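**Student:** Any chance you could fold what I've pasted below:
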Amino acid sequence: MKKLLAILVTLTALTSCGVTKPLYYWGGEVNNATVYEHLTYKDYKTQTPQAICALIYAYEDMVGNPGGSRQIPPPGICAEYGYLILQPTTATTFTEYATKRQKSLFQGSDYAAIFNERGKELLNKEMEYYPESSLFILPLLKKLAR
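**Tutor:** Purely as a prediction, here's the structure:
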């Protein structure tokens, strides 16, 4: 009986140490950090127009190609991305500084209209994926509707 118990404990310990898939996809890795960390936290103090365009590209990747075991964007990403592209200067910044590759993410060149529609869509997706976020998102949507 003791041998059987020891074997079961050993097998359990060995099988629980396997590599697990992360819950969410954070845009790959760059310099021992995720793309998201790199573009938001590490470069936060020096947000250049090019960095904002790169962040939009990374957000679109995380939202459009969710990975991880949940297969949905990480919590807060749709809200952050939506809020970013709804800012009045973001469309102008993107128009002036985005690369051809970054611009290819969107159909058309009226980025103000595209970002307005996409931003609201993303805020609604955040509430769909994470209903608890509606406490923060609904007042923001009401404010944007004015």
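
**Student:** Could you use CA atoms for every contact and neighbour count after this?
**Tutor:** OK.

**Student:** so what does the lengthiest helix in the chain touch, helix or strand wise?
**Tutor:** Selection of the longest helix in the chain by residue count, based on DSSP state H, yields helix 111-129. Packing contacts for helix 111-129, counted by 3 or more Cα pairs under 8 Å, 6 or more residues apart in numbering; DSSP states H and E, involve helix 77-86, helix 90-97, helix 134-145.

**Student:** Just the angle for it relative to helix 90-97, thanks.
**Tutor:** On the basis of axes from the mean of the first three to the mean of the last three Cα atoms, to 10 degrees, helix 111-129 is oriented at 120 degrees to helix 90-97.

**Student:** which residues are in contact with helix 111-129?
**Tutor:** 72, 75-79, 81-86, 91-92, 94-95, 106, 108, 133-134, 137, 141 (Cα atoms under 8 Å, 6 or more residues apart in numbering).

**Student:** from those, which would you call buried?
**Tutor:** By neighbour count, with 16 or more other Cα atoms under 10 Å, the contacts of helix 111-129 hold 72, 77-79, 81-86, 91, 94, 133-134, 137 as buried.

**Student:** What is the nearest of the residues you listed to Thr48?
**Tutor:** Phe94 (11.3 Å; Cα to Cα).
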